[in-house]
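Asker: with the sequence up front, the predicted model follows.
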Amino acid sequence: MAAAAPRLLQRVRKLALALPETNERASHGMPTFWVNDKKTFANFADNHHAVGFTAIWFATLPGAQEALTQSDPERFFLPPYVAHRGWAGLRLDARSDWDLVRAILVDAYCAVAPPRLVALIDGVTLTTGKN
């Protein structure tokens, strides 16, 4: 792991595992966050395939993948293997906006979680305005 990656992973882990009925286990060599151990909503990618940066890969709500990657292509990108499923990536570093990271993880969770779990999420997220 890159020097900052363990701290970044801890922050991502805290946010992801705060969501209802989530867990973490490795998948494809990356820490991966699951809803009910069945559906993935985010991965933590530290220099995956030697790309030179740390990121999260995450499920998106309809229309969000294109909007995010076009709005800020320096920060958002199409991750390999999962972009065709509507996933996007967000580069992480010491200057990351952790409110945005939380909102992205909430939206990713809502994209795959069953309605009964989505109903437990309070507040408005930053990336889609979804309640």
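Answerer: Yep, it's here.
Asker: so where is this protein shaky, pLDDT-wise?
Answerer: Across the chain, residues meeting the criterion (pLDDT under 70) sit at 1-2, 123-131.
Asker: ok, 80 please
Answerer: 1-3, 50, 122-131 (pLDDT under 80).
Asker: just checking, what's the longest strand in it?
Answerer: Scanning the chain for the longest strand, with DSSP state E as the assignment, gives strand 39-46.
Asker: if I look at Met30, how far off is Thr40?
Answerer: 10 Å (Cβ to Cβ, to the nearest Å). (Glycine included, C-beta is placed from N, CA and C.)
Asker: who's more crowded, those two?
Answerer: Taking neighbours as other Cβ atoms under 10 Å, Met30 and Thr40 compare with Thr40 leading, 22 against 16.
Asker: my guess is that one meets Ser27, correct?
Answerer: Yes - counting by Cβ atoms under 8 Å, Ser27 is a contact partner of Thr40 at 6.7 Å.
Asker: rewinding a little: and the longest strand of the chain, what does it pack onto?
Answerer: helix 5-17, strand 22-27, strand 30-35, strand 54-58, helix 98-112 (3 or more Cβ pairs under 8 Å, 6 or more residues apart in numbering; DSSP states H and E).
Asker: now do the longest one: distance to the chain's middle.
Answerer: Here helix 98-112 is found 6 Å from its chain centre; the criterion is Cα atoms, centre = their mean, to the nearest Å.
Asker: number the residues from 14 up from this point.
Answerer: Okay, using 14 as the starting number, the last item reads as helix 111-125.
Asker: quick one: buried residues of the helix or strand following it?
Answerer: Downstream of helix 111-125, the first helix or strand assigned by DSSP states H and E is helix 128-131. Neighbour counts over helix 128-131 (16 or more other Cβ atoms under 10 Å) mark 130-131 as buried.
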